[in-house]
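Engineer: This is the structure alone, sequence omitted:
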């Protein structure tokens, strides 16, 4: 039996190739190595939202209308997340990663693909409660400047509050969640002190270089949108950006297996997908 | 054409139905299987994998992102993720739910149809919604085949009925206890 499918080259594949090539050459955004299956769904969603009926039509629109490009960029780069998503992950960070971070006089953390900041603020709260936040700097990066503005504002819809509070408690939160925010109308805003040691900055995992050396890199459910060659590139970037014995944290269904960097890490917590750089 | 991938979608009553199908498949059935079973966002993946694997000759394997689609495995979409396939590997996404579902059967079927074309067999089991129907249309457009559990004996008939309607007569409608045999026939495996 042939284990690999015969790749079916369709007109749609060609249209996607041309559109992605256009985005790269005209705007510099490189989605050519994104996982094609989920990218295709996101592109079609934008086709319909623009009132169009083909991928070629979308190509024409975004190449001539930068505002349409901004809307497409949001569709292609925003990752759905919530505060303390996967509470068991944050519990493991508390019990297994925090003790390692304590050994450093000053802690640098990279939250790669931070989207609108839910993960970043969750981390800040956790570090604050562990007494580590004062000597930590969190570099939170995303490809998309518009979502970074949301993250900087540090606010989210109030209807999310019950879910976030439950997650917080299940993750081992030690305080009253309400201590960290104020409700303003239908929005919830985090206290300013919470973002004092966070630097939000634009960074493109597909094309930018390493910018510092970190003790912990958190990148959850971002690499799932990348095809294997791009995943490998990003793993190289992470590997060179981690101190020796630094920790890499991925999403619950992501792994360093199936990458060229598998043998550079040692499992710290298999279930929670925490790895330690050993070489 | 001998199938190179089987994609199964199931919802209400799906755990029992899935076990019936998987138990009927001998070791000689070497085509990889990917499964979407609707369930709560925070349900336990490991427990489900153990339940489905019980009494089944083929291994139920963890569906990590970009896992190669090895013939020996049954891959079940993790709770709260969409499962897609491409280039002989699994691909996950946390995009918004489709048909109120994450994982969604349409998302799996459509991506599998794009990647495998005529090499795909899509199977729709019991369920009380119409997830999978749009996917069935794409599977047929790309030359794949569709098998639907006979709604007459299904715990819930809505999902099979929607798939049969979407297929417009092109689906094989098969009673649950004969689906495994039907699939074995398609790959030409000894029964």
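Structural biologist: Thanks, I have the structure now. These figures come from a predicted structure and were not determined experimentally.
Engineer: Only C-alpha atoms from now on, for both contacts and neighbour counts.
Structural biologist: Fine.
Engineer: Taking the stretch 101-250 of chain A, what residue is nearest to chain B?
Structural biologist: For the stretch 101-250 of chain A and chain B, the shortest gap (Cα to the nearest Cα) falls at residue A:224, measuring 5.8 Å.
Engineer: Hmm, that residue is touching residue B:92, no?
Structural biologist: Yes - look at residue A:224 against residue B:92 with Cα atoms under 8 Å: they come within range, at 5.8 Å.
Engineer: which residues do these two both contact?
Structural biologist: Jointly contacting residue A:224 and residue B:92 under the rule Cα atoms under 8 Å, 6 or more residues apart in numbering or on different chains are B:65-66.
Engineer: Show the contacting residues for the residue of the stretch 101-250 of chain A closest to chain B.
Structural biologist: Contacts of residue A:224 by Cα under 8 Å, 6+ apart are A:35, A:254, B:65-66, B:91-93.
Engineer: on contacts alone, who are the packing partners of the helix or strand hosting residue A:248?
Structural biologist: If you go by DSSP states H and E, residue A:248 is part of strand A:242-250. The contact analysis (3 or more Cα pairs under 8 Å, 6 or more residues apart in numbering or on different chains; DSSP states H and E) places strand A:242-250 against strand A:214-219, strand A:274-277.
Engineer: Can you pull the poorly scored residue ranges out of chain B?
Structural biologist: Residue ranges of chain B with pLDDT under 70: B:189-191.
Engineer: Can you show me the helices along it?
Structural biologist: B:14-24, B:45-53, B:105-116, B:133-141, B:158-167, B:179-187 (DSSP state H).
Engineer: Might you report the residue contacts of the closest residue to chain A within chain B?
Structural biologist: Of all residues in chain B, residue B:64 sits closest to chain A, at 4.7 Å by Cα to the nearest Cα. If you count contacts by Cα under 8 Å, 6+ apart, residue B:64 has them with A:253-255, B:90, B:92.
Engineer: follow-up on the earlier one: and the contacts of residue A:224 as JSON lines, adding distance to residue A:87 and neighbour count?
Structural biologist: Below are the contacts of residue A:224 laid out as JSON lines (distance: Cα to Cα, whole Å; neighbours: other Cα atoms under 10 Å in any protein chain shown):
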{"residue": "A:35", "distance to residue A:87": "27", "neighbour count": "26"}
{"residue": "A:254", "distance to residue A:87": "17", "neighbour count": "23"}
{"residue": "B:65", "distance to residue A:87": "20", "neighbour count": "25"}
{"residue": "B:66", "distance to residue A:87": "24", "neighbour count": "28"}
{"residue": "B:91", "distance to residue A:87": "23", "neighbour count": "29"}
{"residue": "B:92", "distance to residue A:87": "20", "neighbour count": "28"}
{"residue": "B:93", "distance to residue A:87": "19", "neighbour count": "25"}
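Engineer: Could you identify the most distant pair in these?
Structural biologist: Using Cα to Cα, the two most remote members of those are A:35 and A:254, lying 14.0 Å apart.
Engineer: How many residues are close by the spatially closest residue to residue A:165 that is not a sequence neighbour?
Structural biologist: Using Cα to Cα, 6 or more residues apart in numbering or on different chains and skipping residues adjacent in sequence, the residue nearest residue A:165 is residue A:177, 6.2 Å away. By other Cα atoms under 10 Å in any protein chain shown, 15 other residues sit near residue A:177.
Engineer: wait, residue A:177 sits on residue A:163?
Structural biologist: No - using Cα under 8 Å, residue A:177 is not in contact with residue A:163; the gap is 11.5 Å.
Engineer: Looking at chain A, which helix is longest?
Structural biologist: Under DSSP H, chain A gives helix A:11-27 as its longest helix.
Engineer: what helix or strand is the residue in chain A that chain B sits nearest to on?
Structural biologist: Ranking the residues of chain A by distance to chain B (Cα to the nearest Cα) places residue A:253 first, at 4.7 Å. Remark: residue A:253 resides in no helix or strand, with elements defined by DSSP H and E.
Engineer: Can you tell me how far the residue nearest to residue B:57 when sequence neighbours are not counted is from residue B:125?
Structural biologist: Nearest non-adjacent residue to residue B:57, counting by Cα to Cα, 6+ apart: residue B:27, 5.9 Å away. Residue B:27 sits 22 Å away from residue B:125, going by Cα to Cα, to the nearest Å.
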